[in-house]
Structure formats: structure tokens, C-alpha cells
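Q: all I have is the shape, not the residue letters:
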């Protein structure tokens, strides 16, 4: 041990290091299903909880909810477009009947 060395300071540094490591644990990124996203967005759009209330209830970032809402509104028109597979099946049935 060197002169002027304080063993208590070593203990303080070790305790600080342990506490810092505990706080900086990497958390697993949560994944949300499309159904969950749609349900939360529809609740907000239907006048249910405010966006802030929905974020608190589901522990979401306001930016994340805004992104989901924007994506939902940008793609909503696709719901009313004809389903290509459905149209192909229908045209095949019509051709079979006509043959």
C-alpha cells in the first residue's frame, strides 16, 4: 500500500461502479403486434382516451403513438381497395363457368 492511500476510497469507487452498472442494464426492446397498434390508434381516433392518456396507460412514448397514428391514416385508404387475390379468384370462376 502506498503512503497516503485511503482504502475507504477504493470501497466507495467499487460501490459507485456496481450501482452504475445496475442502472445501465440494457432492456429488451418491446414488440407490438399490428392488432395492438390498431386498437390503440382506433381508441384515440374514436375519441376515447387522449393521446397522453393512452401513452400513460400502455407505457408508450408519445412519438411512437404519433408514428402509429400517421402510418394508420396514410394506409387507411388501402382497406377500401379491391383485394387482387379475390379478384383473380373471381375471374377464374367466371372463366370456368363460361367454358
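A: Okay, I see it. Keep in mind it's a predicted model, so treat the numbers as computed, not measured.

Q: and residue 41, what does it touch?
A: Shown here is residue 41, whose contacts under the criterion Cβ atoms under 8 Å, 6 or more residues apart in numbering are 65, 68-69, 72. All C-beta atoms are positioned from the backbone trio N, CA, C, and that covers glycine.

Q: what would these look like in CSV with neighbour count and distance to residue 78?
A: Formatted as CSV, the entries for the contacts of residue 41 read as follows, by neighbours: other Cβ atoms under 10 Å; distance: Cβ to Cβ, whole Å:
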residue, neighbour count, distance to residue 78
65, 19, 21
68, 19, 16
69, 18, 16
72, 16, 11
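
Q: now intersect the residues you listed with the helices, please.
A: Here DSSP state H is the test, and these give 65, 68-69, 72 as lying in helices.

Q: which pLDDT value belongs to residue 10?
A: We have a pLDDT of 74 for residue 10.

Q: helix, strand or coil: sort out it for me.
A: Local secondary structure at residue 10 is given as helix here, using DSSP: H, G, I helix; E, B strand; the rest coil.

Q: how much space separates it from residue 51?
A: Using Cβ to Cβ, to the nearest Å, one obtains 50 Å as the distance from residue 10 to residue 51.

Q: more neighbours: those two, which one.
A: Regarding residue 10 and residue 51, a neighbour count based on other Cβ atoms under 10 Å identifies residue 51 as having more, with 17 against 10.

Q: same list (the ones in helices among the contacts of residue 41) but as JSON lines, adding distance to residue 56 and pLDDT.
A: Below are those laid out as JSON lines (distance: Cβ to Cβ, whole Å; pLDDT from 0 to 100):
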{"residue": "65", "distance to residue 56": "11", "pLDDT": "98"}
{"residue": "68", "distance to residue 56": "16", "pLDDT": "98"}
{"residue": "69", "distance to residue 56": "16", "pLDDT": "97"}
{"residue": "72", "distance to residue 56": "20", "pLDDT": "97"}
